[in-house]
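Novice: model this:
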Amino acid sequence: MRGKSKIKKREIAPDKKYNSLLVAELINKLMIRGYKNKAETIVYKSFDIVEKNTKKPAFEVFESSVKIASPQIEVRSKRIGGANYQVPVEVAPHRKVDLVIRWLLSAVRTRHGKPMEEKLADEIMQMTKGEGAVIKKRDDIHRMAEANKAFAHFARF
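Specialist: So this is what the prediction gives:
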């Protein structure tokens, strides 16, 4: 197609402590107004809290919670014959991680009453147990895709 060039995904450097792209992506999404040191401090403190409470390495807990909370299918709006249909499609691997981190941070930011590190640690620990706002969001997305399974044949177009 004319004018449709492939967008290159920008390479990000892994984080300092865990040497992980996943943690670096969390830090970058948490960062506001360029205060990266502050975002790193929040993430590392929350990982310390997770490690203290679960008695397991925090990075492994975070990695497993991201896998648990990542959606398998989502709905995309598709216009066919003058009508818009919510068509269930499979989620790309890089988008799964992006969605989970986005949901995690929005869930943490809506909570009130605790410091950011504690809220982030609580939400990560809830994700590993299969509960919390992020898991609820994933289940809502799956439920919506299941309800619109009749329109799955439109995904080919």
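
Novice: Now do the same contact list for the spatially most central residue of the chain.
Specialist: Centroid-nearest residue in the chain, with CA atoms, centre = their mean: Val100, separated by 1.2 Å. By CB atoms under 8 Å, 6 or more residues apart in numbering, the contact list for Val100 reads 66, 69-71, 134, 138. Every C-beta, even on glycine, is put in place using the N, C-alpha and C of the backbone.

Novice: Run the chain-centre distance for the strand or helix carrying it.
Specialist: If you go by DSSP states H and E, Val100 is part of helix 93-110. The chain centroid and the centroid of helix 93-110 are separated by 3 Å, computed with CA atoms, centre = their mean, to the nearest Å.

Novice: Repeat that for stretch 48-66.
Specialist: For stretch 48-66, the distance to the chain centre is 16 Å (CA atoms, centre = their mean).

Novice: what's next to it, contact-wise?
Specialist: Contacts with stretch 48-66, where a contact means CB under 8 Å, 6+ apart, come from 18, 20, 22-23, 26, 47, 97, 100-101, 117-118, 121, 124-125, 127-128.

Novice: and it, average pLDDT?
Specialist: Mean per-residue pLDDT for stretch 48-66: 94.

Novice: Pull out the buried positions in that stretch.
Specialist: Neighbour-count burial for stretch 48-66, counted by 16 or more other CB atoms under 10 Å, picks out 49-51, 58-59, 61-62, 65-66.

Novice: same deal with stretch 120-140?
Specialist: For stretch 120-140, by 16+ other CB under 10 Å, it's 120-128, 132-135, 137-138.

Novice: Point out where the protein drops to low pLDDT.
Specialist: Counting by pLDDT under 70, the chain contains low-confidence ranges at 1, 156-157.

Novice: ranges for the strands of it?
Specialist: For the chain, the strands defined by DSSP state E cover 73-80, 83-90.

Novice: other SSEs contacting the first one?
Specialist: If you count contacts as 3 or more CB pairs under 8 Å, 6 or more residues apart in numbering; DSSP states H and E, strand 73-80 packs onto strand 83-90, helix 133-147.
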